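A.B. asks: pasted the sequence and its predicted model underneath.
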Amino acid sequence: MEKYNCIVVGAGHAGAEASHIVARAGYRVLLITMNLDEIAQMSCNPAIGGVAKGHIVREVDALGGLMGLAIDNTGIHFKMLNRSKGSAMWGPRAQADKARYRGFVKNYLENTPNLEILQDTVSSLILNDGDNGDNDYDGATGGENVSAKKIIKGVKTLRGASYYADHVILTTGTFLRGVIHIGDLSFAGGRSGADSATNLSPYLESLGFTLSRLKTGTPPRIHADSIDYDRVEAQYPDEKPQPFSFSFEYSQKKPGMPPVPCYVTYTTEKTKEVVTANLEKSSMYGGFIKSVGPRYCPSIEDKMVRFAEKERHQVFLEPEGLDTKEVYINGISTSLPEDVQRQMVHSIVGLENAKIMRAAYAIEYDFVPPTQLTPWLETKLLSGLFLAGQINGTTGYEEAAGQGIVAGLNVIHRIRNLEPLVLKRDEAYLGVLIDDLVTKGVEEPYRMFTSRAEFRLHLRQDNADLRLMKYANDLGINREIFQAMTAKYDMYEKIDAMLEKVKIDDDILKTLAAHESLPLLPQKGGSLKAFFRRPQISAELCLELLERTLGNAISDLTAPGFERGLDENEKINFIMTLKYEGYVQREKESVKRKAESLEKKIPADLDYATLTGLKTEARQKLMKLRPVTIGQAARISGVDPSDIDIIMVYLQSEKYKTDKKKG
C-alpha cells in the first residue's frame, strides 16, 4: 500500500498553495484534480491583488507561497491602488495573462520535488477502524456511523482507486453540487465548461458535517476588436511596477510581461432600462436561485435595484492575456438570459457593437460553514481533515490561497508534532480572515476588506516579510529569503540611528521653503526625524531630505544577504515604517486593552438605536442577538471592530453613567 504524508483534493488557488508548501517541506504529497488543464484556473476576473487582497498575496509569499511568484512572472498590468492615501491603504494589483498564469503554476507544481499530481475525482474519505472508504454510506445523513474519534486515513475516487495519507486537505472551490444559472436555464457545473462534483457533498453530510449553499457570478467576455476605443478611457499601468514576491523585490527583478492598458467606461440610462425591464428573467430575481451572493461584489441586477438613484456605474475592460482577444467586463456580473446580456452590453458606452465571446452566468454551490473548523483549519469532527478556500465560504483567489498555505503549514506542524500555527489578528490579514471564518461563520461569500482588520496600520503590504517570514524559516523554508529580510531591517535600524542625529539646518529649511504646499515650516535645530513623522509630510519629500542628508552614508550600507544596498522603494518603506511607528505602538496598547475588555458585560437593555456611528447591519444584529459580553458581540457576523469600538466608548462615557442612573 503506497502512502503519502498529505493528499490535497482540488488544484485551484488553495490546493496549489497547500500542496506546494507541504512538498517544499520535504513530505510526499498527492494532489488530485478533476482536470489537469485547469490547475490554478482564474474562473472569474483575470487579476490578482487589490486593497486588502494584495496584502494577502504578500503574506502568502512571506509564508513561502506561490501566488506572488506566479503573478510577477505572468502579469501584464501592475498598479498600486490608493497611492493618494496612507501606505496602510496601498494595495498592489495586477492583471494576469490568464493562460500563462495557469501554465506557470502547473509547470511549477509539476517540477516540485515530492509532489505527485493526478487527474481523478474524489468521492469519499477513508477513515480509521478498518473503514475501507465506504463507511456504510447509503445516502443517509446525520453522521450516526461516525464518532468524533474518527481520523483520516486517505481518499477514494470515482474510479475506485484508494490513496492513503494521515492528512487530507479539501479545496473543492465551487464544485460541490455546483449548478450554473443563465436566466431560466440551469445545469450542473463547477464552472463554465467543467463538471460538478456531486458525490462528495452527500458523503460529507453522512459523516455529520453541515453543508449550506452560496452563490457567485461572473460577467460576459467580449472580443477586443469589437470595442470602440475612442469612447472609452485608457488606464495605463505603473511605470515602475512593484512586485508581489519578496524574492523579486530583493533581487530587483522587474515583474511582469509586456504591459497593456485597461479601459474604463460607464453604463447608461439604457442599461438601467434593459436590466430593470428584464429582472424577472434573471436567475436570482426570477426565483431560480435561493442562496446568497457576495454583497460587496453585486451583480448588475443588484446594482440597478439597490442603487436605483445612480445615473451610471463604472465598468472596467480588462484584457485576459497577450495571446487572446477576450476582454473581461468587470462590473456587470449577471445571470440574465443571453439575449438580454447582449442588449445590456450594447447599451454601455463604447460597447455598442461588442461581440460576446462567453456569456455571463451565476453559480450555486455547497460549502461547509466554517464554524465547524478549528483556528488552524482542521475540522472539529475528523482529525487530520483540513478545509481551505471557497469550501469555507470565502470568495476570491487571494482568500483561497491564504487558507491553502495556512492549512498546508499546519499539516507540516502536525507531522512534526508542533503546536498548530494560529495567526493572530494583529499579525496578519490571514489571521483576521481565519478568525472571522471560524468564530463568526459566514452568511454570504466572505471577502477581505481593510475595514475588517482593527490593526491595519501595522498590517501593511510592505512589511509582510517582517511579520511572517519567520514561520517559513522555522520550518526550513525560504531561509535565504529570510536572511535577506533580516539584513534589510538591520539596515533600517542603522538609518534610524543616523537620522536621530540629524538636525534641521538652513540648507534643509531652504529646501522646504520651495514646497509651497507645506502648512508650517519646522524650527531650525529641530529633529528631522520628528519632522518626518508629521502626517502631512509626503513620503516623497521625506525621501528627498533623506537623500540630501544621509545619501552617501545610506549608499555605503550593506549586509550579508543584501550586498546591493537599498533601492528607492525600500527607502520609502523605511520612511513609512518610521511614520507609522507611533500609531503602531498605540495599536499594540489597544490590543492589550481589548484583550482585557472582551469579558466586559453589555447591559441587557442597551439601546443600540442611540449609538451614533454603528453600521445599520451591526445595529440590527446586535438588537436581535443581544450579546452578553464584548467578546460575544465581536464574534457576530456583520459586527466589525469599528462597531465594537463605538460600544466600548459608550460604556466608558459619562453619558452611559447618566443613562444608567436614570434607568
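C.D. replies: Perfect, thanks for sending it.

A.B. asks: which SSE is immediately downstream of the longest helix along the chain?
C.D. replies: With secondary structure taken from DSSP state H, the chain has its longest helix at helix 568-597. Using DSSP states H and E, the helix or strand that follows helix 568-597 towards the C-terminus is helix 616-625.

A.B. asks: give the contact list for Pro261.
C.D. replies: Residues near Pro261 by C-beta atoms under 8 Å, 6 or more residues apart in numbering: His77, Ala234, Gln235, Tyr236, Pro237. No exception for glycine: its C-beta is placed from N, CA and C like everyone else's.

A.B. asks: which pLDDT value goes with it?
C.D. replies: Looking at Pro261, its pLDDT is 97.

A.B. asks: likewise Thr577?
C.D. replies: Thr577 carries a pLDDT score of 88 in this model.

A.B. asks: list the contacts of Val122.
C.D. replies: Val122 touches Val9, Ile32, Val155, Lys156, Thr157, Leu158, Ala197, Leu200, counting by C-beta under 8 Å, 6+ apart.

A.B. asks: and the fourth one, how many residues sit next to it?
C.D. replies: The number of residues packed around Lys156, counting by other C-beta atoms under 10 Å, is 20.

A.B. asks: cool, the first one as well?
C.D. replies: A count of nearby residues for Val9, using other C-beta under 10 Å, gives 28.

A.B. asks: next one: the second one
C.D. replies: Other residues within reach of Ile32, judged by other C-beta under 10 Å, total 23.

A.B. asks: so Asp61 sits against Ile71, correct?
C.D. replies: No. With contact defined as C-beta atoms under 8 Å, Asp61 does not reach Ile71; the gap is 9.7 Å.

A.B. asks: need the overlap of contacts for the two.
C.D. replies: Common contacts of Asp61 and Ile71 (C-beta under 8 Å, 6+ apart): Phe244.

A.B. asks: any idea how far the longest helix of the chain is from the chain center?
C.D. replies: Centroid separation between helix 568-597 and its chain, computed with C-alpha atoms, centre = their mean, to the nearest Å, is 22 Å.

A.B. asks: is it true that Ser383 touches Lys150?
C.D. replies: Yes. Counting by C-beta under 8 Å, Lys150 is a contact partner of Ser383 at 7.4 Å.

A.B. asks: nearest to Gly404, of the contacts of Val122?
C.D. replies: Within those, the smallest distance to Gly404 is 11.6 Å, found for Val9 (C-beta to C-beta).

A.B. asks: give me every residue that touches the closest one.
C.D. replies: Taking C-beta under 8 Å, 6+ apart, we find Val9 in contact with Gly15, Ile32, Val122, Val155, Val168, Ile169, Leu170, Thr171, Thr172.

A.B. asks: swap in Ser333?
C.D. replies: Gly217, Thr218, Pro219, Cys297, Pro298, Ser299, Ile300, Ala360, Ala362.

A.B. asks: so which bits of stretch 279-288 are buried?
C.D. replies: Within stretch 279-288, the residues scored as buried using 16 or more other C-beta atoms under 10 Å are Lys281, Ser282, Ser283, Met284, Tyr285, Gly286, Phe288.

A.B. asks: distance from the chain centre to whichever strand or helix holds Leu409, please.
C.D. replies: Applying DSSP H and E as the criterion places Leu409 in helix 397-415. How far helix 397-415 lies from its chain's middle: 13 Å, per C-alpha atoms, centre = their mean.

A.B. asks: stretch 68-87 too?
C.D. replies: That offset, for stretch 68-87, works out to 14 Å (C-alpha atoms, centre = their mean).

A.B. asks: and it, what's buried?
C.D. replies: Residues of stretch 68-87 classed as buried by neighbour count (16+ other C-beta under 10 Å): 68-82, 86-87.

A.B. asks: the residues you listed in strands, which ones?
C.D. replies: Mapping those onto strands (DSSP state E) picks out Gly75, Ile76, His77, Phe78, Lys79, Met80, Leu81.

A.B. asks: farthest-separated two in those residues?
C.D. replies: Most distant of these, by C-beta to C-beta, are Ile76 and Leu81, 16.7 Å apart.

A.B. asks: touching, Gln235 and Cys262? I think so.
C.D. replies: Yes. Contact status for Gln235 versus Cys262: in contact at 4.8 Å, counting by C-beta under 8 Å.

A.B. asks: so what sits against both of these two?
C.D. replies: Residues touching both Gln235 and Cys262 (C-beta under 8 Å, 6+ apart) are Phe316.
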